[in-house]
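*Asks:* could you look at this predicted model? Sequence included:
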Amino acid sequence: MIIKAIVFNTFKEAIRNRFLYLLFFLGIFFAFSSYIISLLSIGGEEKVLMDVGLAAINFFSVLIAIFTGINLVYKEIDKKTVFNILSKPVSRENFIIGKFLGLAYTMFITLFLMAIIFVLFLYIAIGSFDANLFYFFILLYIELLVIISISLLFSSFSTPILSSIFTISIYLLGNVTWTFNYFKHMLTSTLSKFIAYPIYYIFPNLDKFNIKNDLVSNGVVDLTNFFYSSLYGIFYTVTILIITIIIFKRREFK
């Protein structure tokens, strides 16, 4: 019951954020703009619609996850409301887990609405839609959970500005982490290997969740890759949450 109360309070707080609505409608707008771009292309209009539309939804949902997550814990600390919450029978573990689940619920509703609107848009524009889009949105949601956990981690001990810089940096690095695995066998310098190996194994490999290119080009989804990517994302999210709880439990509030 305690965690449930924190979850719904977090959800209510998140949906009051006007910035969330701005990013949501920008995502929908740019997804719809794919129709105009498809009219300018010669052939392959359906692929252009899906490519641009899914990219827009991916980009703006990530922004929502980052900028919603970095404020919630810091705001509680800055306004001293965390003292009132923790003075009640609420452990610090429950506080962090509740905040995370509240953000996860917020992103589920947001992404679900984006997905429904985009699928209806595709159906109206081309008369059909690919059922494999279901797998794309599941992996995108798991990616958002990873990002939420990272933003929550930095939010537990840093300011929103620094948290946003750290989270965005890790997001950008996570999209090119696969290159370290690709090139690490070509490295000869001990120092280069010392740098490349930790980056590949410590930072999230967000490319695992990106099946847009396969979906757009051939409409086929590798279910084995989908399964292992899902497990990877869940494991990484849980690991970051455990680290966040450890840091938050050791923090002294003033």
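*Replies:* Ah, there it is. Numbers count the residues shown, from 1 in each chain.
*Asks:* can you map out the helices along this protein?
*Replies:* Residue ranges of the helices in the chain, as given by DSSP state H, are 2-15, 18-32, 34-40, 45-78, 81-87, 92-126, 133-155, 160-174, 177-183, 190-202, 212-218, 223-250.
*Asks:* quick check: buried residues in stretch 206-222?
*Replies:* Using 16 or more other Cβ atoms under 10 Å as the test for burial, stretch 206-222 gives Leu206, Lys208, Phe209, Asn210, Ile211, Lys212, Asp214, Leu215, Val216, Val221. For the C-beta atoms, the positions are set from N, CA and C on the backbone; glycine is no exception.
*Asks:* tell me the contacts of Asn210?
*Replies:* Asn210 sits next to Asn58, Leu139, Asn175 when contact means Cβ atoms under 8 Å, 6 or more residues apart in numbering.
*Asks:* ok, and the most crowded of the residues you listed?
*Replies:* Asn58 (22 neighbours; other Cβ atoms under 10 Å).
*Asks:* which residues touch that residue?
*Replies:* If you count contacts by Cβ under 8 Å, 6+ apart, then Asn58 has Leu140, Asn210, Lys212 around it.
*Asks:* turn those into CSV, columns for pLDDT.
*Replies:* What follows is those, written out as CSV (pLDDT from 0 to 100):
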residue, pLDDT
Leu140, 94
Asn210, 87
Lys212, 85
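*Asks:* which of the buried residues of stretch 206-222 scores worst on pLDDT?
*Replies:* Across the buried residues of stretch 206-222, the smallest pLDDT goes to Val216, namely 78.
*Asks:* re the thing from before, ok, of the helices of the chain, where does mean pLDDT dip lowest?
*Replies:* With a mean of 66, helix 81-87 has the lowest mean pLDDT of these.
*Asks:* so who does the spatially most central residue of the chain touch?
*Replies:* Centroid check for the chain by Cα atoms, centre = their mean gives Leu144 as the closest residue, at 1.8 Å. Leu144 is in contact with Ser61, Val62, Ala65, Met107, Leu111, counting by Cβ under 8 Å, 6+ apart.
*Asks:* cool, and Thr239?
*Replies:* So Thr239 contacts nothing (Cβ under 8 Å, 6+ apart).
*Asks:* how near is it to Val146?
*Replies:* Taking Cβ to Cβ, to the nearest Å as the measure, Thr239 falls 10 Å from Val146.
*Asks:* what's the answer for Gly98, then?
*Replies:* Per Cβ to Cβ, Gly98 is found 19 Å from Val146.
*Asks:* the two: which is more packed in?
*Replies:* Just comparing Gly98 and Val146: by other Cβ under 10 Å the higher neighbour count belongs to Val146, 26 against 21.
*Asks:* could you check how far that one is from Leu223?
*Replies:* Taking Cβ to Cβ, one finds Val146 at 21 Å from Leu223.
*Asks:* same thing with Val176?
*Replies:* 26 Å.
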